[in-house]
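Asker: pasted the sequence and its predicted model underneath.
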Amino acid sequence: MLAADPGTSIASIATEAGVDRRTVYRRFVSREELLAAIYASRLEAIERAIEDARLREAPVAVALHRYVENIIAVNRTWPVDLTRMLADGAVRRRRDACIAEVDAFLHRATEEGLIGREQPEGWARVLLPELLSLASTRQAHLSPGRAADLAVDTLLHGIGARHHH
């Protein structure tokens, strides 16, 4: 609900969750505290997704697919934008560490030849989050695994017709 409308009231969230508004307020003093808990959950889920993909040690093709599949699942579970929390230094540092981890992985994937060097520097870094976002939302009917197949295939091969000679 908050992803669809960041201004959603606690009362309507409570109604949707099937609980009394007071129940929500007993747990979260304010809207901000509820939002902070949601963002914290998203951030933890991203950190777990990165850890589970073993970006430093798994074969790059395997790690890429696992990362993409994991993040699609995170995006669908916690479809909120973390930028609202970046004023919080601790949150920003954790988010930056996640970005650095993925950047290092993309560098490794390029070094090992999975990602080509023909594109401008950093193009994969720009493209990957966009593909993740599209696969998470526009392909919601696909399982995270199938959506990941599509996103990874698009990242690595584009959408041009492949002519088999």
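Answerer: It's in. Nothing here was measured: the structure is a model prediction, and the numbers come from that model. Numbering: from 1, shown residues only.

Asker: got the buried residues for the stretch of helix or strand Ala90 belongs to?
Answerer: Assigned by DSSP states H and E, Ala90 belongs to helix 89-111. Neighbour-count burial for helix 89-111, with 16 or more other CB atoms under 10 Å as criterion, is recorded at 91, 94-95, 98, 101-102, 105-106, 109-110. Where you see a C-beta, it was placed from the backbone N, CA and C, and this is true even at glycine.

Asker: so what's the most centrally placed residue in the chain up against?
Answerer: The C-alpha lying nearest the average C-alpha coordinate of the chain belongs to Ile71 (CA atoms, centre = their mean; 4.1 Å). Going by CB atoms under 8 Å, 6 or more residues apart in numbering, Ile71 touches 46, 49, 132, 136.

Asker: name the nearest of those relative to Leu156.
Answerer: Ranked by distance to Leu156 (CB to CB), these are led by Leu132 at 14.2 Å.

Asker: number of residues surrounding the closest one?
Answerer: By other CB atoms under 10 Å, 20 other residues sit near Leu132.

Asker: nearest residue to it in space, please, no chain neighbours.
Answerer: Ile71 (5.2 Å; CB to CB, 6 or more residues apart in numbering).
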